[in-house]
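> The amino acid sequence is not available; the structure is as follows:
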């Protein structure tokens, strides 16, 4: 049984995680966190999640909750997740980060801090997406002369684009082909663009409605096309993956891990 702290407990992902913990009772809700000034501070996290009273109040100070015996699940924002990682590293608390939108400087700091405690950082906690990443790398190597494009769609309120998952898929293709993703990535096309360079990897984002998250990788050859798609039908897929990561991480040695480590991929 993992002692789980949910950061962003009043958000969509936070409420989903709290409700799953309450319903399935395989793990213990050890704490709930929200941003200072949030209207839910002081409220019972279970009641906020619609799961009934759990006796865990939402607080605004992560340092109160970060302890070596806890695992924090953080789906807040790149900035706040990095701040929480700083605290977790100092306190020896385990932390699972699913936030996206990190700048290169923030990524570098996270790579520095992560190994100081037990850390999982992944742009997508879904089991299916992480299997897709493994398959995409294999296909990219096998179909080395096929053009590769990544297409994603998310809900209209997502603030970063392309999604962290789409970027991770693009990087997986580039790595499999021993290519520099940064030098070959394309994020949009307009006007007379000319013939497509063979090494390009386009990562294209759409935002509409309440789409949880769809990712399609297209490999285009001469006379044929292979498309690999993952569709998240509910945030529950992400929440379950995050809880699985927390249970796996609880008793690991210090280190910076990925969902591939969690799933044995």
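Yep, that arrived. All of these numbers come straight from a predicted model, not from anything done at the bench.

> all contacts plus neighbour counts: C-alpha atoms, from now on.
Fine.

> Show me what the longest helix along the chain packs onto, helices and strands only.
Longest helix in the chain by number of residues (criterion: DSSP state H): helix 127-142. In terms of contacts (3 or more CA pairs under 8 Å, 6 or more residues apart in numbering; DSSP states H and E), helix 127-142 is packed against helix 164-176, strand 225-231, helix 236-249, helix 259-263.

> what residues does the particular helix or strand that has residue 150 in it touch?
Using DSSP states H and E, residue 150 maps to strand 147-154. Strand 147-154 is contacted from outside by 140, 162-163, 166, 169-170, 173, 198-221, using CA atoms under 8 Å, 6 or more residues apart in numbering.

> So which residues of the stretch 1-150 of the chain form strands?
Listed in chain order, the strands of the stretch 1-150 of the chain (DSSP state E, counting those that start in this stretch) span 3-7, 28-33, 58-59, 70-74, 94-97, 118-121, 147-154.

> what's the second one packed up against?
In this structure, strand 28-33 packs against strand 3-7, helix 12-24, strand 58-59, with contacts taken as 3+ CA pairs under 8 Å, 6+ apart.

> what's the distance between the first one and the middle of its chain?
The gap between where strand 3-7 is centred and where its chain is centred comes out at 16 Å by CA atoms, centre = their mean, to the nearest Å.

> Given that strand, what are its sheet partners and their directions?
strand 28-33 (parallel), strand 70-74 (parallel) (DSSP bridges).

> now swap in the last one and tell me
Next to strand 58-59 in the sheet, as set by DSSP bridges, lie strand 28-33 (parallel).

> mind listing what's buried in the strand it pairs with?
Within strand 28-33, the residues that count as buried by 16 or more other CA atoms under 10 Å are 28, 29, 30, 31, 32, 33.

> follow-up on the earlier one: TSV for the helices and strands packed on helix 127-142, including mean pLDDT, distance to residue 132 and mean neighbour count?
Listed next are the helices and strands packed on helix 127-142 as TSV, based on pLDDT from 0 to 100; distance: least, CA to CA, whole Å; neighbours: other CA atoms under 10 Å:
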stretch	mean pLDDT	distance to residue 132	mean neighbour count
helix 164-176	95	9	21
strand 225-231	97	7	14
helix 236-249	94	14	21
helix 259-263	94	11	17
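
> Tell me which of these sits nearest to residue 64.
Closest to residue 64 of those is helix 236-249 (CA to CA; 19.2 Å).
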